[in-house]
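**Student:** sequence and predicted model, in that order:
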Amino acid sequence: EGDRDRMIQSACEQLTETRGYHSAWIALVDEDRGFLTAAEAGLGERFAPVIEMMKRGGFTQRGQRVLEQSGVVVVEGVASDCAGCPLADTCSEMAGMTVSLKSGDRVYGMLSVSIPDEMASDADEQSLFGEVADDIAFGLYRMELEGERKKAEDELGRYRDYLEEMVEERTAELMGTNYELKQEIAEHKKAEALIEHLNSVLGAIRNVNQLIVSEKDSDSLLQKSCDALVEARGYDAAWIGLLQDGKNFVTVKCSGFAEDSSRFCEYVMDGTYPPRIRNALAHNDIFAIADKSGECEGCPFDSECTGKEIAVIRLEHAGRLFGLLVVSLVADVTADEEEEELLKEVASDLAFALHDMEVEEAHRAAEEKLLESEERYQRMVANVPGMVYQFVLHPDGSMAFPFVSERCRELFGMEPHEIMRDANVLLDIVHPDDQAAFYRSITDSAKLLSPWEWDSRGTISGEEMWFRCMSRPERQANGDILWDGLITDITERKRVEDALRESEALKTSILKTIPIAVLHLRERNIIFANDGVEDVFGWKPGELIGRDARVLYRTDAEYVEIAQHFYPLLKTQRTYSEEFPCRHKDGRSMLCMVNASRIGGSLRDDEIVTVYQDITERKAVEKRINEEYRRAEFYIDLMGHDINNLSQVTGGHLELLLKIPDLPSKFRKH
């Protein structure tokens, strides 16, 4: 877009129509932060008070913050944060995002949008919003550069014509002067020398101006200009230095020095300038002549200037100091007004050429940035996890795909040109049972110009898939309806959703059939209960939901004692099990095994899942079994003691029998 006002108005409309922003406005300011113009979309007459406020020199609070800092400013509480702003009531239900339109060191204005709260905090949304602002600022910067470039070309043409005219005039005047001087015999030699010198100066200046037109590299232009000034025998030596910040030389080119010129360049760029250079930088005099009285005292190249006048001319254009032109006049020659004017002109032309080169360099950089932006866009499209497309519905009902990204190969196994050649190739992939509804949804979206999102079954090579289409229609001036959108493969997600539903159904079935009570507690209140609570506690699930968990325990004091022991343990371990006394709905006491688990990775608001199993009968049986076991142990011990006593008596008697001397051997053996 070449028109500034048209560009910012169109940008506002695009932001509200295609990105889902509630409203958008752009205000442009000059270099002194004075209001220039503004555009809006989604606000209408409500924006008029804001324009009047900015014309008076005021800005919204968000706008003032953005002009003083970098980055996106997000305001979630618009009504409280923007008190006094004419748009505060309009944006009360939305969040605000504002960013400066900045390119380099130049602030062109600000871009502000209102957006739902949940979108404003998204880092990707803010990043994309910042990129949009950078692109708008770059467009404004490009327009400014284009204007400067055209102006520079016009000025260069005028300067060239003016210089040629002046050269012709000076030549005519010098010829007239030469004639008059010849009449003065006493001044004959001096006149000839002066004419010869001025002619050589004019030749040098003509050569420099030809270089200005032909050379595109600043270093080459400066070096050849110095050579031209010396080679035309107009000056003994010449050097040109470019400044980085108006104080320090970053480039020095010279010609005509008897000594090593590289040492001289290093000396100048080192920053230890002789007095004449310091004076030229400190004062605004465009032209200065240093006499022969020793202004170069302390300079290691003082001998180069002995007995000569040195002219120092500032290279200025549009109020900016680009550097200095320094020439050493030939011996016994003093610069007159004509030579001073010619040197001023050549210095002005050099400064203009340097300015023009900077403009050209900025223009090239802008073009490179534009190409880089285009490449980044192509990479983004290529990396989007789906097929980016542009779809057109013509007034006659025909359809076309002007653009399809390369991802269509992965998604549908087709080349982009196949789809762009025949839109039906892609549209026919829709499952036959869904085609009527699919086409109807496209037509409805076109009529209402509303966002279009559609999940549809498709068939590729006999295999069923699911894909999602997302876009927003926009009516063109010629009556076409244009969709820019994205198609993604959601087959796997559909399978996962089906599996998840089956899993949920299975879990629900299990929870309904198991004879144990499962409760979900939040801040010790029951928010879920399965059918098993009726088997365990006699309560129906609906009777428990919303009640305090203490209803399941015998007394409040007993519940408080259990909770003080139970919940701290859950803070240090994920699950916990213990037996607790509980109470049935009919009032009888019971004993339950309670298993509890934290939800998620931490105990949040005492939110847990508990499982209760009635172990009253099991505990009674275990108690009876333990009592019988102890009784059996007692009888076994008693019987063992009696048998042991009898065994000992019998053994004693047998040992006594062995003491009988005449006991038969067969009995002794037994």
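**Tutor:** Arrived safely.

**Student:** okay, CA-based contacts and neighbour counts for the rest of this
**Tutor:** OK.

**Student:** what segments of the stretch 551-670 of the chain are helices?
**Tutor:** For the stretch 551-670 of the chain, the helices defined by DSSP state H, counting those that start in this stretch occupy 556-572, 616-657, 665-669.

**Student:** cool, the stretch 1-150 of the chain as well?
**Tutor:** 4-18, 48-55, 61-68, 78-81, 117-120, 123-183.

**Student:** ranking the helices of the stretch 551-670 of the chain by burial, who's on top?
**Tutor:** helix 556-572 (a mean of 14; mean count of other C-alpha atoms under 10 Å).

**Student:** save the helices of the stretch 551-670 of the chain as CSV, and put in distance to Val132 and mean pLDDT too.
**Tutor:** CSV is the format used below for the helices of the stretch 551-670 of the chain (distance: least, C-alpha to C-alpha, whole Å; pLDDT from 0 to 100):
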stretch, distance to Val132, mean pLDDT
helix 556-572, 48, 80
helix 616-657, 70, 89
helix 665-669, 117, 86
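
**Student:** quick one, which of the helices of the stretch 1-150 of the chain is nearest to Phe634?
**Tutor:** Smallest distance to Phe634 across the helices of the stretch 1-150 of the chain (C-alpha to C-alpha): 75.1 Å, for helix 117-120.

**Student:** quick one on the thing from earlier: okay, the helices of the stretch 551-670 of the chain in CSV with distance to Gly587 next?
**Tutor:** CSV is the format used below for these (distance: least, C-alpha to C-alpha, whole Å):
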stretch, distance to Gly587
helix 556-572, 14
helix 616-657, 14
helix 665-669, 76
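
**Student:** of those, which is nearest Leu486?
**Tutor:** Of all the helices of the stretch 551-670 of the chain, helix 556-572 comes closest under C-alpha to C-alpha, at 46.2 Å.

**Student:** so which elements touch that closest one?
**Tutor:** When contacts are defined as 3 or more C-alpha pairs under 8 Å, 6 or more residues apart in numbering; DSSP states H and E, helix 556-572 packs onto strand 575-583, strand 589-598.

**Student:** which one of the ones you listed lies nearest to Arg468?
**Tutor:** Per C-alpha to C-alpha, nearest to Arg468 of these: strand 589-598, 37.1 Å.

**Student:** buried residues, the closest one. List them.
**Tutor:** The neighbour-count check on strand 589-598 (16 or more other C-alpha atoms under 10 Å) flags 590-598 as buried.

**Student:** chain center to stretch 653-665: distance?
**Tutor:** 112 Å (C-alpha atoms, centre = their mean, to the nearest Å).

**Student:** got JSON lines for the helices and strands packed on helix 556-572, with distance to Leu482 too?
**Tutor:** Below are those laid out as JSON lines (distance: least, C-alpha to C-alpha, whole Å):
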{"stretch": "strand 575-583", "distance to Leu482": "57"}
{"stretch": "strand 589-598", "distance to Leu482": "52"}
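
**Student:** mean pLDDT for those strands - can I get that in CSV?
**Tutor:** Below are those laid out as CSV (pLDDT from 0 to 100):
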stretch, mean pLDDT
strand 575-583, 87
strand 589-598, 88
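
**Student:** so for Ser445, which of those strands sits nearest?
**Tutor:** Among the helices and strands packed on helix 556-572, strand 589-598 sits nearest to Ser445 (C-alpha to C-alpha), with 46.8 Å.

**Student:** so that closest one versus helix 556-572, what angle?
**Tutor:** Between the axes of strand 589-598 and helix 556-572, defined by axes from the mean of the first three to the mean of the last three C-alpha atoms, to 10 degrees, the angle is 30 degrees.

**Student:** name the strands paired with strand 589-598 and say parallel or antiparallel.
**Tutor:** Sheet pairing here is set by DSSP bridges, and for strand 589-598 it gives strand 575-583 (antiparallel), strand 608-614 (antiparallel).

**Student:** hmm, back to that, just give me the closest of the buried residues of strand 589-598 to Val113.
**Tutor:** Out of the buried residues of strand 589-598, the member with the shortest distance to Val113 (by C-alpha to C-alpha) is Arg598, at 42.6 Å.

**Student:** which non-adjacent residue is nearest the closest one?
**Tutor:** Nearest non-adjacent residue to Arg598, counting by C-alpha to C-alpha, 6 or more residues apart in numbering: Ile608, 4.7 Å away.

**Student:** hey, what's that neighbour bridged with?
**Tutor:** Leu521, Arg598.

**Student:** quick one: it and His520 touch, right?
**Tutor:** Yes - the pair Ile608 / His520 is scored as a contact, 6.0 Å apart, by C-alpha atoms under 8 Å.

**Student:** okay, the two: which has more neighbours?
**Tutor:** When Ile608 and His520 are compared for neighbours, Ile608 comes out ahead with 24 against 21, by other C-alpha atoms under 10 Å.

**Student:** list the contacts for that one?
**Tutor:** For Ile608, the contacting residues are 520-522, 596-599, by C-alpha atoms under 8 Å, 6 or more residues apart in numbering.

**Student:** go again using 6 Å as the cut-off
**Tutor:** 521, 597-599 (C-alpha atoms under 6 Å, 6 or more residues apart in numbering).

**Student:** closest to Gly147 among those?
**Tutor:** Using C-alpha to C-alpha, the contacts of Ile608 come closest to Gly147 at Ile599, 64.9 Å.

**Student:** for that closest one, give its distance to Glu504.
**Tutor:** Look at Ile599 and Glu504: by C-alpha to C-alpha, to the nearest Å, they are 17 Å apart.

**Student:** ok, those two, which is more surrounded?
**Tutor:** Ile599 (16 against 12).

**Student:** do you know how far the more buried one is from Arg574?
**Tutor:** Taking C-alpha to C-alpha, one finds Ile599 at 9 Å from Arg574.

**Student:** please apply the same query to Arg158.
**Tutor:** 85 Å.

**Student:** who's more crowded, those two?
**Tutor:** Arg574 (16 against 11).

**Student:** kindly reformat the helices of the stretch 1-150 of the chain as a markdown table and extend each row with mean pLDDT and distance to Gln390.
**Tutor:** Shown next, in a markdown table, are these (pLDDT from 0 to 100; distance: least, C-alpha to C-alpha, whole Å):
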| stretch | mean pLDDT | distance to Gln390 |
| --- | --- | --- |
| helix 4-18 | 89 | 13 |
| helix 48-55 | 85 | 36 |
| helix 61-68 | 75 | 35 |
| helix 78-81 | 56 | 36 |
| helix 117-120 | 77 | 25 |
| helix 123-183 | 83 | 20 |
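
**Student:** which strands and helices sit next to the lengthiest strand in the chain?
**Tutor:** The single longest strand within the chain, with elements called by DSSP state E, is strand 463-475. Secondary structure elements in contact with strand 463-475, counted by 3 or more C-alpha pairs under 6 Å, 6 or more residues apart in numbering; DSSP states H and E, are strand 452-460, strand 481-489.

**Student:** cutoff 10 Å now
**Tutor:** helix 4-18, strand 387-393, helix 408-412, helix 435-448, strand 452-460, strand 481-489, helix 491-513 (3 or more C-alpha pairs under 10 Å, 6 or more residues apart in numbering; DSSP states H and E).

**Student:** show me what contacts Trp239?
**Tutor:** 222-223, 225-227, 229-230, 252-257, 261, 264-265, 312, 324-328 (C-alpha atoms under 10 Å, 6 or more residues apart in numbering).

**Student:** and what about it, helix, strand or coil?
**Tutor:** Per DSSP: H, G, I helix; E, B strand; the rest coil, the secondary structure class of Trp239 is strand.

**Student:** who touches the residue nearest to it when sequence neighbours are not counted in this structure?
**Tutor:** Leaving aside its sequence neighbours, Trp239 sits nearest to Cys254 (C-alpha to C-alpha, 6+ apart; 3.9 Å). Contact partners of Cys254, counting by C-alpha under 10 Å, 6+ apart, are 222-227, 230, 237-241, 261-262, 264-265, 325-327.

**Student:** filter the residues you listed to the buried ones?
**Tutor:** 222-227, 230, 237-241, 261, 264-265, 325-327.

**Student:** sorry, back to before: quick one: the residue nearest to Trp239 is in a strand?
**Tutor:** Yes - according to three-state DSSP, Cys254 belongs to a strand.

**Student:** what pLDDT does it get?
**Tutor:** If you check Cys254, the pLDDT there is 86.
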